[in-house]
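Enquirer: Predicted model, plus sequence, below.
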Amino acid sequence: MQNWLRKIAVWQAVLVIAILAWGFTEGVRAIALPAAQQRLQPTLNGEAFLAGRTAAAVNHIMAHNLPIDPWARAAGGFFRWRFFHSGGPQVRVGCNGWLFLNEELRPWPDADRVMAERAEALARIRARLAAQNVTLIVAVVPDKARVHHAELCGAPISAQSEARYARLLSTMRAQGLAPISLLEPLQALAAQRPAYWRTDTHWNQDGAAAAAAAIAAGAQAATIDRPGGFTTRHDAAETAGPGDLLRLMGLDILPDGLRPPIDRQHLAHTDEPASGGGLLDDEGAPQVALIGSSYSVNANFHGALQQALGAKVTNLAQAGGGFAGAASAYFAGATFREAPPRLIIWEIPERVMGQPITAEERAFFAR
């Protein structure tokens, strides 16, 4: 049996190597095309290589001259990463296996005005909620590249990105908001161990728990029932973490030896206190609602927040919801209309605040 399994493993390795060799060959052929050479030749000098223009040219060639197939993408991604230290158009490669989202590092047009417009909308929403005796707490999630800046290892970051977090908090405070900054607790954690995944955009379970504790501390004055009794347990078996940046690089289907190794975790689960089960034990709708982005649906943040608050929380966050996707759906829906909470926690990623405002957001602001 062991010999049979060993043979299967060997054949799997041979197959992967063969596919990668084919992909490497296709990558070389793509670069050899006249159109590709025309794009690549002006960047074949030391200054262009250090400025990233050589890697950008290779990224363009791989994107436009390879078939859209998972293994072809994996081969192209491996070629970029292994020989050019590039993660493609969406991912910046740091050091020690760290990957970062380019979105965090680039500048955005008219970002200060856009941040101000979003802060004004938050202030209006907070005022309307206060008139309904609903407290709004805003928590700002710092970029991974800010918390783990050292792991960029010299990768360029725009001046706008460098200044964005402080400017964002200042803009919010100018509107009378009192945002909870999650930068300090996450940086304190990062000084000891990672607060974000190396190969994923989001905070890891330790980072999520640190953020939840900071938000709970900032919500101490909120008038909510806090029965407590929440407990968190971890799976005994270690499993792979999420790794969304590996997917963006096209490397998610490759084994760790052929890509930056994916993070590992003992998956956390937070259990609610047991109900007595009697007819009079109906607690009604939760008094706390959580709206936000994919940070709120990853790494057991929701569970950690419930445990830190000592209260049940309705999680209405949306992966990919950006600044207002979850808020727009929640405030227009029956859940808010029929059972408004006492406290709303709005988690907002730093990086989305300066990005262009969508038509859907403008419609939401105009309500």
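Expert: Looks like it came in fine. Owing to the predicted nature of the structure, the values given are computational and were not obtained by experimental measurement. Numbers count the residues shown, from 1 in each chain.

Enquirer: Tell me where the stretch 51-200 of the chain has strands.
Expert: All strands of the stretch 51-200 of the chain, identified by DSSP state E, counting those that start in this stretch, fall at 91-93, 99-101, 135-141, 180-181.

Enquirer: Mind putting those strands into a markdown table with distance to A155, mean neighbour count and mean pLDDT?
Expert: For every residue, glycine as well, the C-beta is placed using N, CA and C. Converted to a markdown table, the strands of the stretch 51-200 of the chain look like this (distance: least, Cβ to Cβ, whole Å; neighbours: other Cβ atoms under 10 Å; pLDDT from 0 to 100):
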| stretch | distance to A155 | mean neighbour count | mean pLDDT |
| --- | --- | --- | --- |
| strand 91-93 | 5 | 24 | 97 |
| strand 99-101 | 7 | 24 | 98 |
| strand 135-141 | 21 | 21 | 98 |
| strand 180-181 | 24 | 19 | 98 |
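
Enquirer: and F364, which of the ones you listed is closest to it?
Expert: strand 135-141 (15.1 Å; Cβ to Cβ).

Enquirer: What pairs with that closest one, parallel or antiparallel?
Expert: Under the criterion DSSP bridges, strand 135-141 sits next to strand 180-181 (parallel), strand 343-349 (parallel) in its sheet.

Enquirer: so where do the helices sit in the stretch 1-150 of the chain?
Expert: Using DSSP state H, counting those that start in this stretch, the helices of the stretch 1-150 of the chain run over 2-32, 34-40, 46-51, 53-65, 70-84, 102-105, 111-131, 144-147.

Enquirer: repeat for the stretch 201-350 of the chain
Expert: Under DSSP H, counting those that start in this stretch, the stretch 201-350 of the chain gives helices at 205-218, 244-249, 301-309, 325-332, 334-338.

Enquirer: Which of these has the lowest mean pLDDT?
Expert: Lowest mean pLDDT of those: helix 334-338, a mean of 93.

Enquirer: Buried residues, it. List them.
Expert: Neighbour counts over helix 334-338 (16 or more other Cβ atoms under 10 Å) mark 335-336 as buried.

Enquirer: what's the answer for stretch 139-156, then?
Expert: Those buried within stretch 139-156 under the rule 16+ other Cβ under 10 Å are 139-149, 151-152, 155.

Enquirer: TSV please, covering those residues and showing distance to F336.
Expert: Listed next are the buried residues of stretch 139-156 as TSV, based on distance: Cβ to Cβ, whole Å:
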residue	distance to F336
A139	19
V140	22
V141	23
P142	28
D143	30
K144	31
A145	34
R146	32
V147	32
H148	36
H149	38
E151	40
L152	40
A155	42
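
Enquirer: What is the nearest of these to W98?
Expert: Of the buried residues of stretch 139-156, the one sitting nearest to W98 (Cβ to Cβ) turns out to be E151, at 3.9 Å.

Enquirer: Please name the residues that touch the closest residue to the closest one other than its chain neighbours.
Expert: Excluding its sequence neighbours, the residue lying closest to E151 (Cβ to Cβ, 6 or more residues apart in numbering) is W98, at 3.9 Å. Taking Cβ atoms under 8 Å, 6 or more residues apart in numbering, we find W98 in contact with 148, 151-152, 198, 260.

Enquirer: swap in Q355?
Expert: Neighbours of Q355 in contact, by Cβ under 8 Å, 6+ apart: 103, 108, 111, 114, 322-323.

Enquirer: same thing but at 10 Å, please
Expert: 103, 108-109, 111, 114-115, 118, 322-323, 349 (Cβ atoms under 10 Å, 6 or more residues apart in numbering).

Enquirer: Give me the below-cutoff pLDDT ranges for this structure.
Expert: 1-16, 18-31, 35, 39, 46-53, 55-57, 59-69, 276-284 (pLDDT under 70).

Enquirer: Break it down into its structural domains.
Expert: 2-89, 109-365 (automatic domain parsing).

Enquirer: now the longest one: how far from the chain's centre is it?
Expert: In terms of Cα atoms, centre = their mean, to the nearest Å, the gap separating the centre of domain 109-365 from the centre of its chain is 9 Å.

Enquirer: Need the distance between the two termini of that domain.
Expert: End-to-end distance for domain 109-365, by Cα to Cα, to the nearest Å: 20 Å.
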